[in-house]
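Asker: what's the 3D shape of this:
(2 chains)
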Amino acid sequence: MYAPIPVLSIITLTPVAGALLILLLPKSAKQEARLIAAAATGFSLLLGLFVFFNYDVAYASAATTVEQSFQFQEKIVWVAPLGINYHLGVDGISTPMVLLTGLASFAGVLISWGIDDRPREFMAFFLLLVAGVYGVFVALDLFVLFFFYELAIFPMYLLIATWGWKELREYAAMKLTLYILIGSVVALVGVLVLYFAAGNATGVYSFDMVHMLEVGAMPNSPFNVELFGISGLTLARLWFPFIFIGFGILAGLFPFHNWSPDGHVAAPTAVSMIHAGVLMKLGAYSALRVGVQLLPEGAQVHLPWIVLLTLINVVYGAFIAMRQRDFKYVIGFSSVSHMGLVSMGIATMSVVGMTGAGLQMFSHGAMTALFFACVGMVYDRAHTRDIPSLGGFSRKLPWVSFAFILGGLVSMGMPGLSGFVSEFPIFMGLWNASPTIQLTVGGWSLANYYSVIAVVAVIGIVVTAAYVLRVVQQVFYGRFNEERYQEVHDVTALDKLALVMLMVALIILGVWPNIMAPIVESGVRPIAQLLGGA
Amino acid sequence: MIEWTNANYLPWLIPVPPLIAFVLIVLVTNRSWWVTVFTALAASVLSWGLATAVFLRSAGLAFGPGLAGAAFGSSAPWLDLGQTQFMMGVMVDPLTTVMLFMVPLAILTIFIYSIGYISHDPRRERFLAYMSLFAGAMLTLVVADNLLLLFIGWEVMGFCSYSLIGFWYEKPSAYRAGVKAFMTTRVADVIMLLGVAYLFAEAGTLDFRTILLDPAFLEKLASTPALIFGGAISAAGLIGVFLVAGTIGKSAQFPLHVWLPDAMEGPTPVSAMIHAAAMVSAGVYMIIRMYPLLSAGAHPHEGVYNAPLLLMTYVGGFTALFAAVIAIAQNDIKRVLAYSTISQLGFMVGALGIGAYTAAAFHLIMHGIFKALLFMGSGAVIHAMEHGEHHAHEHGRHPHNTFAGDAPFDPQDMRNMGGLRQRIPVTFYTFVAGAMALAGFPIISAGFWSKDEIFSEAWHLGLGVLGGANTGYGPAIFLFIVLAVAAFLTALYTTRQVAMTFIGEPRTEAAAEAGLGGPSSMVSVLMQAPLIVLGVLALVLGFIGVHPDFPLLGGLFSAQGNPFHSFVGGTLVEHPPAIPFYWVPLLTSLVVALGGIFVGYWLYWRKPVPAGQADPIQVSLDRISPYLYTWMRNKFYLDELYDRALVKPSMWVSETLVSAILDQGIIDGILHAIARAASWLGELFKRFNRVMIDGVGDGIPMAIGAFGRWFRNIQTGNVQQYLMMAIIATLVIGLSVSALIVRVNTGVILLVLGVLVVIIIVLNLIGRAWGGMAE
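Answerer: Okay, the predicted model is just below:
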């Protein structure tokens, strides 16, 4: 379905325009820079809402061709000889992600209002980052996707290294950039292989995702042809792990997760929010879109062992979060744990589990953005994130305290909030998939273990409750140090607006999941069908 | 369009008023106490009114015909999951109907009482907000037509209990009790969640009627091997065990009962809410609701049990006895009640385990009423004691600041009470009514009838053994004996409690001065009026469940059969059989109740224990062994076992000691015995994370950096670090590719992985060494 007006382009390019406008401002125009940033992200958020509410679930469900499964499409031939098109479009998975990006970026601008060190440059880079993120979610051409992917990483480096936490920022920025670049390079190589394979087989060399998906779904797909005469070795099987894990690095997949807590902690608050809230989804989304959807045969072979990595993510991240003294590290590791659930949902290869993963991407994004906003607000006032030194902040910062507790309830999967409606389908998907999935390594095979994974993964949920309550008690309840924190005052109205926005999203999705679930479901259904799961 | 006068839609409205009240109080009215009171009270009255209307309608008492086999209900799509469109809905069937009698009534009385109780607290508005949310969640749970909505109410209550138990969070013991309650039930909840997810995966729905009224499906589920431990247990059995685990946490059954006594740290209306109207009743309600699933494949009436039923029977029976033993040796008025709750819940869980479906439900309803009464009564006592203590100070007859080592005054300690009968007569008489029900006083108490029914069922099912039939009747016999002993102890400790609190001479000045401010005081009226209502019910409500063949009374109350049994039994597809009337269980129940009351009377009432003198039971037990009573009083050291750094809520522990233990206990308070193992594991992971994974992440760049510096010496010009990274990435890719190729043919991927790990370690070491050299 093509859009009458290029909504997605406007969403993506508005932040770019905002960034250029800000750079034209004189150095003294701090307030103007903030206003422009707020206007640009706010406008994109509104359009994101427009896309979200105008996404046609019935049309998507009735789609019979690959092309029909994407809506609001725009297509301009860009580099014809190489088959590169400027092709945008959204399906049920990316639509909520566009909305999430809008929420997190707008909230991020609002809570960054107080940044007084070169706000012009900060806002400009921030907007570029946002544009990159939007671009990945709406791209339907692999070249465009990679273009935006790298576009998102570059300002991220500068934002962390310049405005980040002094003690860690250079180290963390470098670590993050290296990890992600390596991941994306590995994935890029994989995509190039597919590009040539598809081109050689069909005669049409194109990075267009629709084309690639069609090739992948052909009866004798070149992706599934045996390689080197080795039985069982196909392009899909060979390259799937590189593409999936290459993108999975950005989703914090164990054991490649360690860039993320350091990166989150070092980044300024708004960047942490985008970073953990949206950027990690970028990884999971791309892994799903480029990895699973393009190479379903590879996914069927490899996801049964990758699920073990995701299980480690869930449990291990939660345990580490429990032992941190630094407030922000707790949240950083909690993201590692929760993103594990996203990958786990994908690994169920069923509609139910992947719907849960899609919902979890949105839910975790809004939740973790809320968390980082809260941490930032406490840190700005207390000038420390050392958990034992804090205490009693609920009296001085009631809004932050409420928001953090709400986020905590989401993260521990409290029903009535979004965390539950996304985690429950993931667990259901695990039970559902259990009898059909089997892992064979050589002569040794493992069957029916997804149910065991579900049982082990709940440990992560219990531990989540433990670390959330620990932080709530030690930071927000307990004794307030009047002497040390004399200067602490309540947050600003803009801060409150940002918190409320994110909280509303979490509550609405929790109380009425069907506002989003059918959209996500329409997006994952074709992928699940490719995987043979219903 | 929705017609709200239609009985099918009415249940939706029942939980709504308290939920709206919660939002209103939080957002709008929290600055004005009286507006808040009005909001909360109006909401609970409205809910009660709606629930009562639905109750009367579905019991066939008013507003049209009764349920007549078909439940009311309606549902709406909530969560779209592929083929399964998850429906959220409400329904009213006979079991819901009786819950709708008990729960809203208990909630309403607790609300009225709360207003008097909390009116001097600085955070009283917030208190009523949480209470409203709690009430809304419980009512949601009751009217839910599916397991997921039930679970939602269940979890929201868990959160409310955490907030309310830890309501006075400045007090560390209160906060920790809140965390303890939350974490203990949470462990059980996630196990239950696994069961829910598994059930959904098997059934494709969680709707009660679709699952529970479909014997063919249940039969199939009972004959499918489970995904885990499939050799030993069926799918239905595993789901059942998971669900029962949820109840073991929520309804405080052994071994997860430890949170409930500590929950006494919360304000007393919260205790009443948790113990009677909500929380713990929810746990038992859930297993009663899910009984057809739990008993799938089993026929307890024919001596055939399955895993969930046996689990319930043994856990319930053991808990009933275990908690009753502990209750004997407690001196805190609320703690005695807490253990009595655990014990009584054990009665219900055990009864359900042997298939005594309506008996369990009957006891649940009766217990809800009389336990709410007893808790609120004890709250009035404590309030009166605090009042008396305050009064005594004002007159300077008692030194206000206690000397070092001198125990501070504890208004909940029954050893400080005595003689309160004269000071607060209304509380006394109503408390006695509740105590009679708890002790199972014959005929004129609700508890007598419900316990008698459990005994009869256990006897009926256990007869098979006596008759020499097959051996499948053990659980029923076990339960009969255990519950008889527990009932005896219940009567004993209840009498002890009444005697120590109300009878004899006041043991302290506070008790002598105790009072609620006289009959005209607002607090006195608000706190005692609910007691009167519940007191009357505690005496007479049992007559709805009299056995038809009971001498005299059977003909009077149950001419057409046991009304409760016939009504609630209608919830099941196959109406549970009405059992014949037996003399043995009736006599047993008379003997244990009267015997326990008599012993209690003899030891505590006849000649009340004077101040400073040891407890008579302690004296006699000490003669046998000095450890016996100590172990009982210390709850068999289970808390200590679970939580090595438990701070006993005794006031004589010096403040330094408390804070020292508190520091130590922060983590321990969270996850009991698991905490240490978990921390250790967390630490291990953290180190592993730092040394191994970070080590590689840092080591490689360090190595590269060092390599660069080294390389610079040979050749001028800088080496791009990315290049080196790319080389290493290629190396890793190459290795992985070969690993993949090898895997397909020979399956030695494990070997390759091992090699990779070695390489990582070597790289790590080289990187560090190199980095170190370069420094």
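Asker: what comes up buried for the strand ranked longest in chain A?
Answerer: For chain A, the longest strand by residue count, based on DSSP state E, is strand A:71-79. For strand A:71-79, burial by neighbour count (16 or more other Cβ atoms under 10 Å in any protein chain shown) applies to A:Gln71, A:Phe72, A:Gln73, A:Glu74. No exception for glycine: its C-beta is placed from N, CA and C like everyone else's.
Asker: and B:Ser75, that's in a strand?
Answerer: Yes. The assignment for B:Ser75 by DSSP: H, G, I helix; E, B strand; the rest coil puts it in a strand.
Asker: ok, now how distant is the residue in the stretch 101-250 of chain A positioned nearest to chain B from B:Asn562?
Answerer: Using Cβ to the nearest Cβ, A:Gly232 is the residue of the stretch 101-250 of chain A that sits closest to chain B, at 4.7 Å. A:Gly232 sits at a distance of 68 Å from B:Asn562 (criterion: Cβ to Cβ, to the nearest Å).
Asker: neighbour count winner among those two?
Answerer: B:Asn562 (25 against 12; other Cβ atoms under 10 Å in any protein chain shown).
Asker: Just the pLDDT at B:Ile704, thanks.
Answerer: Per-residue pLDDT puts B:Ile704 at 66.
Asker: try B:Ile667
Answerer: 29.
Asker: go on, A:Gly345?
Answerer: 91.
Asker: How about B:Trp652?
Answerer: Looking at B:Trp652, the pLDDT reads 29.
Asker: Where does the stretch 1-150 of chain A get nearest to chain B, which residue?
Answerer: Counting by Cβ to the nearest Cβ, the stretch 1-150 of chain A gets nearest chain B through A:Val57, at 8.8 Å.
Asker: Burial check on that residue, number of neighbours?
Answerer: 18.
Asker: Please verify my assumption that it contacts A:Val520.
Answerer: No. Judged on Cβ atoms under 8 Å, A:Val57 makes no contact with A:Val520 at a distance of 9.9 Å.
Asker: Overlap of the contact sets of these two?
Answerer: A:Gly92 (Cβ atoms under 8 Å, 6 or more residues apart in numbering or on different chains).
Asker: Show me which residues of stretch B:443-463 are buried.
Answerer: Here stretch B:443-463 shows B:445-463 as buried, counting by 16+ other Cβ under 10 Å.
Asker: swap in stretch A:141-157?
Answerer: A:141-153, A:155-157.
Asker: now swap in stretch B:424-444 and tell me
Answerer: B:424, B:426-428, B:430-442.
Asker: In helices only, show me these.
Answerer: B:426-428, B:430-439 (DSSP state H).
Asker: Whatever helix or strand A:Gly460 lives in close to chain B?
Answerer: According to DSSP states H and E, A:Gly460 maps onto helix A:450-471. Yes. Counting by Cβ under 8 Å from any Cβ of the partner chain, chain B has neighbours in helix A:450-471: A:Ser451, A:Val452, A:Ala454, A:Val455, A:Val458, A:Ile461, A:Val462, A:Val463, A:Ala465, A:Ala466, A:Leu469, A:Arg470.
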